[in-house]
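> generate coordinates for the sequence data below:
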Amino acid sequence: MLRVVGLLLAGVSLGLSSAHTKVNKHKPWIETSYHGVITENTNIVLLDPPLVALDKDAPIPYAGEICAFNIHGLEAPFEAVVLNGTSGEGQLRARGLVDCELQKEYTFIIQAHDCGSGPGGAEGKKSHKAVVHIQVNDVNEFAPVFRESQYRAAVTEGKIYDSILQVEATDQDCSPQYSQICNYQITTTNNPFAIDRNGNIRNTEKLSYDRQQEYEIQVTTWDCGQKRALHSVPVHINVKPVCKPGWQGWSKRVDYEPGTGSKQLFPMMQLETCGEPLSLVRTTVELKTSHIGKGCDRETYSEKSLQKLCGSSSGSTDLLPAPSAATNWTASLVTDSGRDTDLIFRFDGHQAAKIPDWVVPQNLTDHFTIATWMKHGPSPGLRAEKETLLCNSDKTEMNRHHYSLYVHNCRLVFLLRRDFTQ
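Numbers count the residues shown, from 1 in each chain. This next block holds a predicted model:
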């Protein structure tokens with residue numbers, strides 16, 4: 001009898017053990033795919049359909065409850081938490097703030113785990129793997145920025161342009177709505193310019209170089225989310241006169257202060273070719289004064305002062321002094337008016353002055369100076385002849401020159417015979 005009871009107890013024990021191992025019969029069930037949306041700089045993902053895991057072992061404790069959602073994909077910055085283990089409701093969250101400008105979309109795998117046979121989750125079962133696709137919604141956090149800090153262009157006066165230049169701005173937001181530029185505007189008032197939505201600037205009237213040579217306008221912009229640029233951009237437009245070939249940048253009048261050394265006559269002069277090719281450039285500069293006695297000094301100094309200014313030796317001999325009883329060889333010369341204290345002689349090739357021997361230095365050494373103060377006009381006739389300024393010749397026939405200073409064409413020539421007997 002005792003053996004029968006023992007067998008019955010053993011059979012009960014075995015039956016209970018077999019029933020216990022078969023409690024968690026089913027795997028959790030979730031959808032095969034999920035689509036979620038999260039707004040950047042937030043952490044809650046809105047899933048469609050909602051994250052819910054079902055287990056047919058419910059309402060058996062542990063076996064019919066959901067203990068975890070596991071995400072496969074270490075690079076996915078998300079985690080899934082169980083909100084209610086009995087109902088299987090879960091929630092998908094970002095582990096940190098997501099940035100649309102860094103990554104717009106995420107895809108990963110998720111699985112649901114039940115609680116198995118006890119608190120430790122022993123003998124737990126996993127659902128099938130579901131695909132989760134997350135899209136990051138953009139926030140209009142960036143304002144448009146112009147590509148250049150300033151813009152410059154040049155136009156020719158008297159013309160209407162369809163587009164003088166184009167300004168362009170960019171936006172760092174990731175979505176088309178917030179990253180695209182929808183409008184440009186000129187904020188400067190009372191100007192002859194307009195701008196379209198693509199940033200093309202045109203003039204609304206013909207510009208005049210004489211009226212205004214440069215314009216500066218300020219331009220701002222908005223993205224398609226109506227966020228305005230923090231800083232406007234300056235646009236400089238230069239007006240150029242109608243191109244006329246020739247020399248430009250020179251003045252007909254040049255002022256010179258005596259004793260100031262050399263001076264550039266036309267430092268800003270340039271040749272405008274209007275884009276046409278050049279084969280030869282030939283330029284002639286002619287300086288004129290209105291009076292024979294007026295030179296670059298504009299008669300600021302007297303003749304004596306000029307000689308001193310030009311470095312004339314104090315011991316020099318004046319070969320053309322003012323006429324007097326002792327210096328009568330200049331009495332027959334034609335004179336021209338100069339300063340009150342100056343006397344100017346005019347030579348036209350028909351008169352000359354014969355200087356006495358006692359006036360001319362006879363002891364010239366290897367170093368001597370001949371100084372002249374003269375103005376030379378154009379030579380008469382087609383063929384320029386020698387125009388002698390100073391000549392020392394034989395006394396008889398006067399045809400052999402010992403020394404002579406003369407002008408021939410555009411040259412000033414000095415002839416010297418070192419030995420007068422030659």
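
> now the helices for the stretch 151-300 of the chain?
In the stretch 151-300 of the chain, the segments counted as helices under DSSP state H, counting those that start in this stretch are 176-179.

> quick check: which ranges of it have low pLDDT?
Within the stretch 151-300 of the chain, the stretches falling below the threshold (pLDDT under 70) are 258, 289-300.

> likewise the stretch 301-422 of the chain?
Within the stretch 301-422 of the chain, the segments meeting pLDDT under 70 span 301-304, 306-307, 311-314, 337-342, 379-384, 396-399, 418-422.

> could you redo the last one with a cut-off of 90?
Applying pLDDT under 90 to the stretch 301-422 of the chain flags residues 301-404, 406-422.

> the stretch 201-350 of the chain: strands as residue ranges?
Listed from the start of the chain, the stretch 201-350 of the chain has strands (DSSP state E, counting those that start in this stretch) covering 214-223, 233-240, 246-248, 270-272, 334-336, 344-346.

> as CSV, these with distance to residue 352 would be great.
The C-beta positions use only the backbone N, C-alpha and C, and glycine is treated the same way. Rendered in CSV, the data for the strands of the stretch 201-350 of the chain read as follows (distance: least, C-beta to C-beta, whole Å):
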stretch, distance to residue 352
strand 214-223, 63
strand 233-240, 58
strand 246-248, 42
strand 270-272, 46
strand 334-336, 11
strand 344-346, 11
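
> redo those as a markdown table? Include mean neighbour count and distance to residue 180.
Shown next, in a markdown table, are the strands of the stretch 201-350 of the chain (neighbours: other C-beta atoms under 10 Å; distance: least, C-beta to C-beta, whole Å):
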| stretch | mean neighbour count | distance to residue 180 |
| --- | --- | --- |
| strand 214-223 | 18 | 6 |
| strand 233-240 | 17 | 18 |
| strand 246-248 | 11 | 46 |
| strand 270-272 | 12 | 44 |
| strand 334-336 | 12 | 83 |
| strand 344-346 | 15 | 83 |
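
> what distance separates the start and the end of stretch 61-77?
Between the opening and closing residues of stretch 61-77 we find a distance of 32 Å, counting by C-alpha to C-alpha, to the nearest Å.

> could I get the average pLDDT for stretch 43-62?
Predicted confidence along stretch 43-62 averages 92 (mean pLDDT).

> just the buried residues of that stretch, please?
If you call a residue buried by 16 or more other C-beta atoms under 10 Å, then stretch 43-62 has these buried ones: 43, 45, 47, 51-53, 55, 57-58, 60, 62.

> how far away from the center of its chain is that stretch?
Average the C-alpha atoms of stretch 43-62, do the same for its chain, and the two points are 62 Å apart (C-alpha atoms, centre = their mean, to the nearest Å).

> and stretch 324-335, by the same measure?
Stretch 324-335 sits 71 Å away from the centroid of its parent chain (C-alpha atoms, centre = their mean).

> what is the end-to-end distance of it?
Between the start and the finish of stretch 324-335 there is a gap of 15 Å, counting by C-alpha to C-alpha.

> give me the residues contacting it.
The set of residues that contact stretch 324-335 without belonging to it, under C-beta atoms under 8 Å, 6 or more residues apart in numbering, is 320-323, 343-348, 351, 353-356.

> redo that, cut-off 6 Å
Taking C-beta atoms under 6 Å, 6 or more residues apart in numbering as the criterion, the residues outside stretch 324-335 that touch it are 320-321, 323, 345-346, 353-355.

> of these, closest to residue 191?
Relative to residue 191, the closest of those is residue 346; by C-beta to C-beta it sits at 63.1 Å.

> that closest one is in contact with residue 336, isn't it?
Yes: the pair residue 346 / residue 336 is scored as a contact, 4.8 Å apart, by C-beta atoms under 6 Å.

> can you redo the contacts of stretch 324-335 as JSON lines with distance to residue 114?
As requested, the contacts of stretch 324-335 are arranged in JSON lines below (distance: C-beta to C-beta, whole Å):
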{"residue": "320", "distance to residue 114": "132"}
{"residue": "321", "distance to residue 114": "135"}
{"residue": "323", "distance to residue 114": "139"}
{"residue": "345", "distance to residue 114": "131"}
{"residue": "346", "distance to residue 114": "129"}
{"residue": "353", "distance to residue 114": "136"}
{"residue": "354", "distance to residue 114": "141"}
{"residue": "355", "distance to residue 114": "137"}
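
> circling back: closest to residue 194 out of the strands of the stretch 201-350 of the chain?
strand 214-223 (10.3 Å).

> could you give the angle of that closest one to strand 233-240?
Here strand 214-223 points in a direction 150 degrees away from that of strand 233-240 (axes from the mean of the first three to the mean of the last three C-alpha atoms, to 10 degrees).

> ranges for the helices of the stretch 301-422 of the chain?
In chain order, the stretch 301-422 of the chain shows helices spanning 303-309, with DSSP H, counting those that start in this stretch as the criterion.

> just flag the most distant two among the buried residues of stretch 43-62.
The largest separation in those, counting by C-beta to C-beta, is between 43 and 60 at 34.0 Å.

> check contacts around residue 321.
residue 327.

> how near is it to residue 268?
Look at residue 321 and residue 268: by C-beta to C-beta, to the nearest Å, they are 45 Å apart.

> swap in residue 73?
Between residue 73 and residue 268 the distance is 71 Å, computed by C-beta to C-beta.
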